[in-house]
Structure formats: structure tokens, C-alpha cells
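**Q** The following comprises the amino acid sequence and a computationally predicted model.
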Amino acid sequence: MQLLLMLPAFNLFVATFPAGSAAIAQIAPVAQRGAALGVLFGALGLAGVLAPYVTGRLIQAAAIPGDGYHLAFLIGAGLLVVAGLTVLFLADPDRDAERLAALTK
């Protein structure tokens, strides 16, 4: 049951790829857009390498493998909540675009 409740949140994570790319395309100046997208996808790629390793270590360290999976999903859910709240309260595309434009002049 817990897995069924968590699936929508983890599936919504997939929406961050096009949304993040669109946000960077809107915010970053043209001259820096490629580098900004490179940093985004580099970070996502690094997470894709580290997440299975960390999850595997959590599962191996747990007395019962199910507890390791449970902890891994809780950590993932916590990171999603923190990221969502960060974007909700700190992201302002117009303000950020103006700041970046001023830095490149």
C-alpha cells in the first residue's frame, strides 16, 4: 500500500526533466544556456549513479532488506519534499532572469 501511495510522487519526478530544462531556457542568458543545461543534466546523471549505490548500501546495512528499502524510499521522499518546498518558496523566474542578465553585462 505504501508503494502505491508513493508512486505518483516518484513518477512526478520525471516531470522535472522538461520543467527544469524549460526553466533554465527561460532564465539563463543565451550565452550561458548550454553551460547551465550541462550542469543540470550533469547533476541528474551523478544522482543516477549515486542513488543505486547508496540504496544498495542501505539495503545491505539493514538487518532486514525490507527495512533498507523503506529507509531508501523515506530518504527519497524527504528529498522530494525539500526540493519541492525550495522551489515553491525560492524560485522566481523573472527575478532570477534579471539577476543573471545583469551579471553577464
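**A** Nice, I can see it.

**Q** Report the distance from the host helix or strand of Leu40 to the chain centre.
**A** Using DSSP states H and E, the element containing Leu40 is helix 30-61. From the chain centre to the centre of helix 30-61 is a distance of 8 Å (Cα atoms, centre = their mean, to the nearest Å).

**Q** need the contact list for Val54.
**A** Residues in contact with Val54, defined by Cβ atoms under 8 Å, 6 or more residues apart in numbering, are Ala72. Placement of C-beta: from N, CA and C, glycine included.

**Q** Next, find the distance separating it from Leu85.
**A** Using Cβ to Cβ, to the nearest Å, Val54 is found at 22 Å from Leu85.

**Q** And Gly20, by the same measure?
**A** Taken as Cβ to Cβ, the span from Gly20 to Leu85 is 16 Å.

**Q** of the two, who's got more company?
**A** Neighbours were counted for Gly20 and for Leu85 using other Cβ atoms under 10 Å; Gly20 has more, 16 against 10.

**Q** Now do the same for that one: its pLDDT.
**A** pLDDT, Gly20: 85.

**Q** try Gly45
**A** Gly45 carries a pLDDT value of 92.

**Q** Same question for Leu100.
**A** The model's pLDDT for Leu100 equals 79.

**Q** which residues are contacting the helix or strand where it lies?
**A** In this structure, Leu100 sits in helix 93-103 according to DSSP H and E. Helix 93-103 is contacted by residues 23, 26-29, 32 when judged by Cβ under 8 Å, 6+ apart.

**Q** No more questions from me, cheers.
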